[in-house]
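**Q** Quick check, what structure comes out for this input:
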Amino acid sequence: MQIAILLVHVLAAIALVVLVLLQQGKGAEAGAAFGGGSSQTVFGSRGSGGFLSKLTGGLAALFFVTSLGLAYFATNAGSAPQSGIPDAQVIEQQHNGAPTLDDGAQSGNNAAPALEEGGDQDSSNP
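**A** Below is the predicted model:
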């Protein structure tokens, strides 16, 4: 559910940016971007001002609602167990049962074998 809301949120954000860039300022004619006189525009004689404004408002409302939904999911995510960094209690339980490097030094010789110095170990080379 959260992924679907996030997808709608991103698409609404992209559509808002495109719509805001499509709209012209108040000083310019609203239908000038789509050519012709006021009766020959794509969106009718009133131009694109009313349609694009309503669509922008609707997308802004959708963006606001999806923002609230994502915020709700983010606040409730703290109650669920997190995968990643464990709690201090889990670390202590694992530490108490697992042997450490210091424990191994008491049980035997853990030293790495050393190479012999001076002697040639390969007898085939004179």
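
**Q** Determine the set of other helices and strands touching the longest helix anywhere in the chain.
**A** Here the longest helix in the chain is taken by residue count, with DSSP state H as the criterion, and it is helix 49-76. On a contact count with 3 or more Cβ pairs under 8 Å, 6 or more residues apart in numbering; DSSP states H and E, helix 49-76 meets helix 2-22. Every C-beta, even on glycine, is put in place using the N, C-alpha and C of the backbone.

**Q** Name the surrounding residues that touch the helix it packs on.
**A** Residues from elsewhere that reach helix 2-22 (Cβ atoms under 8 Å, 6 or more residues apart in numbering): 33, 48, 52, 55-56, 59-60, 62-63, 66-67, 69-70, 73.

**Q** Can I have the buried ones of the residues you listed as a PyMOL selection?
**A** Applying 16 or more other Cβ atoms under 10 Å to these leaves a buried subset, and the PyMOL line that selects it is:
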select buried, resi 48+52+55+56+59+62+63+66+69
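
**Q** could you dump the contacts of helix 2-22 to a markdown table with distance to residue 12 and pLDDT?
**A** Formatted as a markdown table, the entries for these read as follows, by distance: Cβ to Cβ, whole Å; pLDDT from 0 to 100:
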| residue | distance to residue 12 | pLDDT |
| --- | --- | --- |
| 33 | 22 | 55 |
| 48 | 20 | 59 |
| 52 | 15 | 84 |
| 55 | 11 | 91 |
| 56 | 11 | 91 |
| 59 | 5 | 94 |
| 60 | 8 | 95 |
| 62 | 5 | 96 |
| 63 | 4 | 96 |
| 66 | 6 | 96 |
| 67 | 9 | 96 |
| 69 | 12 | 94 |
| 70 | 12 | 93 |
| 73 | 16 | 90 |
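
**Q** Determine which two of the contacts of helix 2-22 are furthest apart.
**A** Greatest spacing in the contacts of helix 2-22, by Cβ to Cβ: 33 and 73 (38.3 Å).

**Q** Nice, that's everything, thank you.
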